[in-house]
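S.K.: Sequence and predicted structure, then a few things I'm wondering about:
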Amino acid sequence: MHAPDITFPTASPELKMKRIRATGTGADPDNRPMDAAEHRQLEQMLAEVQTREENLRAYEAHLRAWQEQIEAARPTAPLRRPSGHPFMPSQHREDPGLQTAWEKLHRSRELQEAEQKHLIEDRLLVQEREAALKKREANLTLREERLAAKEREPAPVKKKQAPTAMESFTRAPFALAKSVFGGKG
């Protein structure tokens with residue numbers, strides 16, 4: 001079947017039509033009779049719209065004929081119901097060997113998906129542990145730097161402070177006994 005020649009304009013012209021009102025309704029500036037140029041322009045626009053409408057009707061008729069051809073070529077055998085499992089073709093359900101092979105394939109696929117899920121979980125755990133280790137390593141590095149800075153500083157020298165009144169009062173009897181009995185030190 002030959003497709004009708006259909007032309008579609010690249011840019012549709014803008015249709016602007018003025019409202020036609022009854023004469024004598026008031027001071028409407030658009031309430032004037034149309035001149036010949038406007039009348040020709042409206043007729044030209046109407047002709048373009050009618051041409052497009054005819055083209056669309058012809059194209060619709062072509063599509064309907066095409067659809068009828070496709071439906072006529074389609075086999076009349078009843079369609080089989082799709083299989084319940086996406087990997088098992090319905091035509092091989094009767095063959096027990098193929099059915100067993102398909103079951104093994106499905107089982108191995110399920111096992112692979114389960115292992116893949118566990119692997120993803122393990123990877124996430126390893127990533128979390130690595131992040132925790134990096135954080136701990138940064139904390140230890142910072143602590144070591146602080147300790148190294150403390151070691152570089154000279155140790156503060158303790159000045160011997162003068163004993164307080166209470167210390168001298170409580171030590172006085174022991175100092176007197178040392179001096180009398182000749183204690184060491």
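M.R.: Great, that's in hand.
S.K.: make it CA atoms for all contacts and neighbour counts henceforth
M.R.: Will do.
S.K.: Got the phi and psi for Pro33?
M.R.: Main-chain dihedrals, Pro33, degrees, to the nearest 10: phi -70, psi 150.
S.K.: Could you do Ala155 as well?
M.R.: Recorded main-chain torsions at Ala155 are phi -70, psi 140, according to degrees, to the nearest 10.
S.K.: From the contact counts, what lies against the longest helix along the chain?
M.R.: The longest helix of the chain (DSSP state H) is helix 96-152. Using 3 or more Cα pairs under 8 Å, 6 or more residues apart in numbering; DSSP states H and E as the contact definition, helix 96-152 packs against no other helix or strand.
S.K.: Using CSV, write down the CA coordinates of the following helix or strand past it.
M.R.: With elements assigned by DSSP states H and E, the helix or strand that comes after helix 96-152 is helix 165-181. Only the C-alpha atoms of helix 165-181 are listed here, as CSV (Å, rounded to 0.1, in the frame of the first residue of the first chain):
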residue,chain,number,x,y,z
ALA,A,165,54.9,27.3,110.2
MET,A,166,53.0,24.0,110.8
GLU,A,167,55.8,21.9,109.1
SER,A,168,58.5,23.6,111.2
PHE,A,169,56.5,23.2,114.4
THR,A,170,55.9,19.5,113.9
ARG,A,171,59.5,18.8,112.8
ALA,A,172,61.2,20.7,115.5
PRO,A,173,61.1,17.9,118.1
PHE,A,174,62.7,15.4,115.7
ALA,A,175,65.4,17.9,114.6
LEU,A,176,66.2,18.5,118.3
ALA,A,177,66.5,14.7,119.0
LYS,A,178,68.7,14.3,116.0
SER,A,179,71.1,16.9,117.1
VAL,A,180,71.2,15.6,120.7
PHE,A,181,71.6,11.9,119.9
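S.K.: May I see the buried residues of helix 165-181?
M.R.: Within helix 165-181, no residue counts as buried by 16 or more other Cα atoms under 10 Å.
S.K.: so how far is the helix or strand of the chain with the lowest mean pLDDT off the chain centroid?
M.R.: Lowest by mean pLDDT, DSSP states H and E among the helices and strands of the chain is helix 165-181, with a mean of 86. In terms of Cα atoms, centre = their mean, to the nearest Å, the centre of helix 165-181 is found 85 Å from the chain centre.
S.K.: and if you look at stretch 95-111?
M.R.: Here stretch 95-111 is found 35 Å from its chain centre; the criterion is Cα atoms, centre = their mean.
S.K.: And it, what's buried?
M.R.: In terms of neighbour count (16+ other Cα under 10 Å), stretch 95-111 has its buried residues at 102, 106.
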